[in-house]
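J.: my questions are about this predicted structure, shown below with the sequence.
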Amino acid sequence: MSIDLASQLMVEALKTVALVAGPVLLVGLVVGLTVGLLQAMTQVHEMTLTVIPKLLATALVLFALGSWMLRTLVDFTRELFGNFPGYLG
């Protein structure tokens, strides 16, 4: 396996990870910022007010996009294992 091929595989793996994890992280960020702003405006600093909305939003995103995420990961893995003999020679 050449260094160019290894670099290309790493780039594809990182793109796939970013594509799959991006929606969950983005929703967590938006919900966290929104709750933080609401807490700053109302001066209510309860820890459960930050955790529970992020947890619910993350679960909702995973429920809505879970099948797409799994399909993306399975497609990447199949492509990786399907091309495995070519990587060795």
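T.: Looks like it arrived, so ask away. Numbers count the residues shown, from 1 in each chain.

J.: closest to the mean position in this structure, which residue would that be?
T.: Nearest residue to the geometric centre of the chain (C-alpha atoms, centre = their mean): Ala21, 0.5 Å.

J.: that one: which element?
T.: In the assignment (DSSP states H and E), Ala21 maps to helix 3-42.

J.: any idea which helix or strand comes after that helix?
T.: Moving on from helix 3-42 towards the C-terminus, the next helix or strand you reach (DSSP H and E) is helix 48-82.

J.: what separates that next one from the chain centre, distance-wise?
T.: 7 Å (C-alpha atoms, centre = their mean, to the nearest Å).

J.: all further residue positions should be reported with the first residue as 190.
T.: Noted, 190 is the first residue going forward, which turns the last one into helix 237-271.

J.: what helices and strands are in contact with it?
T.: Other helices and strands packing on helix 237-271, by 3 or more C-beta pairs under 8 Å, 6 or more residues apart in numbering; DSSP states H and E, are helix 192-231. Any C-beta I mention is one placed from the backbone N, CA and C, and that applies to glycine too.

J.: relative to helix 237-271, how tilted is the helix it packs on?
T.: Orientation of helix 192-231 against helix 237-271 (axes from the mean of the first three to the mean of the last three C-alpha atoms, to 10 degrees) gives an angle of 170 degrees.

J.: how far does helix 192-231 sit from the chain's center?
T.: Shown here is helix 192-231, whose average C-alpha point lies 5 Å from the average C-alpha point of the whole chain (C-alpha atoms, centre = their mean).
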